[in-house]
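Asks: kindly return the folded structure for what I paste below:
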Amino acid sequence: MSDASPPPPDLYDEANDPFGTGDTWEYALDYWPTEIRNAAALAAALALSRAMIAWRDGGPPAPLDIIKEALNASNAELCRTAVGTLPRVIHAREHPYDTLISLWESVRAPARAAMAWRASMICQNLTEAEQLDFRTRGLRDRSKVVRGHAASNAGTSLFAPALPLLQDIAANDPDKCVRGDAELARDLIDHGYHILKDDDDSDCVSFVVLSHTCLGIGTCYVGVSRAEVDRIGLEAAIARKKEEIDEESRDFDRFVESWSEGDEAPD
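Replies: Numbers count the residues shown, from 1 in each chain. The predicted structure is shown next:
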């Protein structure tokens with residue numbers, strides 16, 4: 001048996017990149033005291049960082065009580081950071097989905113909102129039925145913020161199994177903003193764009209589509225002239241604008257790729 005030491009951890013892999021910036025959990029130990037003033041939240045942040053370092057270096061998975069404390073802490077950045085650990089945390093357990101639901105049911109609304117906002121990331125490697133059940137919990141949550149975030153993520157991730165529920169929420173949710181989020185998500189899933197309710201006298205038709213870049217997927221608010229719509233039709237006008245957006249996204253991706261390879265960023 002070889003007594004050679006194991007290779008050092010990759011400091012830039014997902015397990016050691018709490019902020020998605022290439023900074024490590026060791027960096028987080030120094031960072032949190034400069035950003036968090038609340039003593040309990042700071043203790044939760046340091047405990048999370050130490051648990052993730054120990055896990056990365058061969059120890060047991062980060063304890064769920066530490067994850068829950070970080071999710072419930074009174075610091076939004078810490079909550080978001082804890083949410084980012086959830087795919088690894090739940091799949092380190094024998095029953096990943098049961099673990100996820102146990103956490104969901106034990107945290108406050110701000111944490112559930114953060115989880116709903118990143119549902120597509122959290123749900124990776126879960127079954128479609130489990131994903132639908134998790135998203136349904138968000139869409140039916142008692143908090144309107146959670147419901148709105150759940151609807152937005154369903155739309156940007158084009159999660160078609162949620163379409164019937166989104167249609168119901170768009171028509172019946174008691175909150176106007178949530179109904180709007182659900183309408184947007186429904187339309188993005190159903191036909192790839194959402195027409196904004198413009199004044200009929202306006203010379204522009206405004207709509208929302210998805211923009212895909214190396215940094216992720218987001219909504220893009222754009223418009224086309226009503227004259228162009230009258231000339232070539234709404235579907236063709238939207239398709240043309242989407243192609244322009246996609247080309248801009250490809251240009252951006254090429255810029256990021258060249259910059260990451262050492263080229264100087266333009267002024």
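Asks: for residue 60, what are phi and psi?
Replies: phi -70, psi 160 (degrees, to the nearest 10).
Asks: name the nearest residue to it, sequence neighbours excluded.
Replies: Once flanking residues are discounted, residue 60 sits nearest to residue 54: 7.6 Å by Cβ to Cβ, 6 or more residues apart in numbering. All C-beta atoms are positioned from the backbone trio N, CA, C, and that covers glycine.
Asks: ok, residue 45 next?
Replies: Distance criterion Cβ to Cβ, 6+ apart; nearest residue to residue 45, sequence neighbours excluded, is residue 32 at 4.0 Å.
Asks: could you give the number of residues near the residue nearest to residue 60?
Replies: Per other Cβ atoms under 10 Å, the neighbour tally for residue 54 reads 14.
Asks: tell me the buried residues in the helix or strand where it lies?
Replies: Per DSSP states H and E, residue 54 falls inside helix 39-56. If you call a residue buried by 16 or more other Cβ atoms under 10 Å, then helix 39-56 has these buried ones: 41-42, 44-53, 55-56.
Asks: that one: how far from the chain's middle?
Replies: For helix 39-56, the gap between its own C-alpha mean and the chain's C-alpha mean amounts to 22 Å (Cα atoms, centre = their mean, to the nearest Å).
Asks: just checking, next helix/strand downstream of that helix?
Replies: Moving toward the C-terminus from helix 39-56, the next helix or strand (DSSP H and E) is helix 64-72.
Asks: list the contacts of that next one.
Replies: 44-45, 47-48, 51, 78-79, 81-83, 85-86, 89, 99, 102-103, 106-108, 111, 114-115 (Cβ atoms under 8 Å, 6 or more residues apart in numbering).
Asks: swap in 10 Å and give it another go.
Replies: Identification of contacts with helix 64-72 by Cβ atoms under 10 Å, 6 or more residues apart in numbering yields 40-41, 43-52, 61-63, 78-83, 85-86, 89-90, 92-93, 99, 102-104, 106-108, 110-112, 114-115.
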